[in-house]
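Visitor: Sequence plus the predicted model coming up.
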Amino acid sequence: MARAYRPQDDDKREEAKEPPPRAAPGTADVLALQQSAGNAAVSRMMASGNGGATLARWTDLGEESWKIPSFTKREMRVFTGTKSEWSGILDNLDDEDEYEARLWGFLEVANDPGIVGRKQPPPLISDDAAKVQYVNTVKRVPNEAEKLAFLEALYEKAGDLDLWHGGTWEGGPFVGYADKDLAQFIIDNQSLYLIAVSNAGHAVGGEGVKAVSDQGGKAATMAMITNAGATAHKGVDLVLSANQKEGQARETAHSQAMELIRNSGRTIRHALEAHDDRVTFQQDVVGAVFDHVWDLVPGGGLITSAGKAALKFGLGRALKEAQKDDGPKDQAENINSEFVATCNGLVQSGSIKSADAQDAINGFEAVRR
């Protein structure tokens, strides 16, 4: 599903495929404008033809736009980019202008594929497309490789990540929908990143996770923990399936399953440490997140339907227990205790063998401190 994760090779591979940019007239003026007006303003200027060559090689998937009478026109363009392109803007994405220039459309369409090909504006805008001059040219939804490129840039930016939380002069009305968009994207797609890192045998970087939690706000933090919890529970199924294989196939599958559980645990721990507050989870969506992640993460399939139901119930119980304490260590301990109880319960019900359960438990416990 996800392409092989090679964090040190990505930029080299991209550079090798792309010719060096041509020098544009007035380059010094462009650099001066970047410093004074920000990258978003310069990118729009260059894209409109007022300055020669474009500054970045983004893929434009189309736009959705409308104009409400007596208000200015709203245009949501949908871009996808490489890891390096996303990384180039994630260190300065703390106001509405910057957010809407690149990230808004990407997140909105990834979260709501129904936007593609829509002929009528959203009901909250109008029920009359002509009246609001509604236009929709969005060609497709970002694919998994494009989603992964964004996640790699987001989670590996670490201390250089600058979103719309964490600064005195940052924020504004747009934060309400930016928080919602980012949190929904994370809860749906974070597993892609955890899979890619784990399959490559790497550990998720703690500073990167903490930065996303800090800069993305509480909604993003809760999404990170919910998705990681669901991914860890899916990991139990992967361990069971891996242990049924033989030879090198077993060793590889077992290693990847164990690292996925560990990286899920690391994500939970680091997100809780960065948030350092009482956590709250929407219990009514936990089951849907579990089902989505179960299908998103490839492999497995040997656990019984009763075992799967027990894992789903265990995730909800773990997140509910986490809400009972204020401190991140106690919250992580509560999640861990419920994970242990769920795995041991699967053994007692005959859904998995003790060796499978202990593998999963040991992996999850190893990273909680």
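Guide: Thanks, I have it. Numbering: from 1, shown residues only.
Visitor: ok, then the element right after the longest helix seen in the chain?
Guide: The single longest helix within the chain, with elements called by DSSP state H, is helix 206-242. Downstream of helix 206-242, the first helix or strand assigned by DSSP states H and E is helix 247-275.
Visitor: From the chain's centroid, how far away is that next one?
Guide: 16 Å (Cα atoms, centre = their mean, to the nearest Å).
Visitor: packing partners for that helix?
Guide: In terms of contacts (3 or more Cβ pairs under 8 Å, 6 or more residues apart in numbering; DSSP states H and E), helix 247-275 is packed against helix 175-199, helix 206-242, helix 328-348, helix 354-365. Yep, even glycine has a C-beta here, placed from its N, CA and C like the rest.
Visitor: Restrict stretch 153-160 to CA atoms and write it as CSV.
Guide: Provided in CSV are the C-alpha atoms of stretch 153-160 (Å, rounded to 0.1, in the frame of the first residue of the first chain):
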residue,chain,number,x,y,z
ALA,A,153,7.1,16.2,5.9
LEU,A,154,4.7,16.9,8.8
TYR,A,155,6.1,14.3,11.2
GLU,A,156,9.7,14.8,10.3
LYS,A,157,9.8,18.7,10.5
ALA,A,158,10.1,18.5,14.3
GLY,A,159,11.2,21.7,15.9
ASP,A,160,11.0,23.6,12.6
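Visitor: which residues touch that stretch?
Guide: 7, 83-87, 90-91, 161, 193, 204-205, 207-209, 211-212 (Cβ atoms under 8 Å, 6 or more residues apart in numbering).
Visitor: list the contacts for Ile68?
Guide: Applying Cβ under 8 Å, 6+ apart to Ile68 gives the contacts 74, 125-126, 132.
Visitor: pLDDT below threshold where in the chain?
Guide: Scanning the chain with the threshold set as pLDDT under 70 gives 1-56, 166-172, 276-278, 367-369.
Visitor: Break it down into its domains, please.
Guide: 30-141, 173-369 (automatic domain parsing).
Visitor: can you put these in TSV and add distance to His165?
Guide: As requested, the domains of the chain are arranged in TSV below (distance: least, Cβ to Cβ, whole Å):
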stretch	distance to His165
domain 30-141	8
domain 173-369	5
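Visitor: Which parts of the stretch 1-150 of the chain are strands?
Guide: Assigned strands in the stretch 1-150 of the chain, in chain order: 59-67, 73-80, 135-136 (criterion: DSSP state E, counting those that start in this stretch).
Visitor: Would you tell me which of those strands gets closest to Val239?
Guide: strand 73-80 (33.8 Å; Cβ to Cβ).
Visitor: residues of that closest one that come out buried?
Guide: 76-80 (16 or more other Cβ atoms under 10 Å).
Visitor: how much space between the closest residue to Val78 other than its chain neighbours and Ala178?
Guide: Spatial nearest neighbour of Val78, excluding adjacent residues (Cβ to Cβ, 6 or more residues apart in numbering): Gly105 at 3.7 Å. As judged by Cβ to Cβ, to the nearest Å, Gly105 and Ala178 stand 12 Å apart.
Visitor: cool, Pro328 as well?
Guide: 25 Å.
Visitor: Let me know which of the domains of the chain is tucked in deepest.
Guide: Highest mean neighbour count of the domains of the chain: domain 173-369, a mean of 20 (counted as mean count of other Cβ atoms under 10 Å).
Visitor: now for the longest helix of the chain, which elements pack on it?
Guide: helix 144-156, helix 175-199, helix 247-275, helix 283-296, helix 305-322, helix 328-348, helix 354-365.
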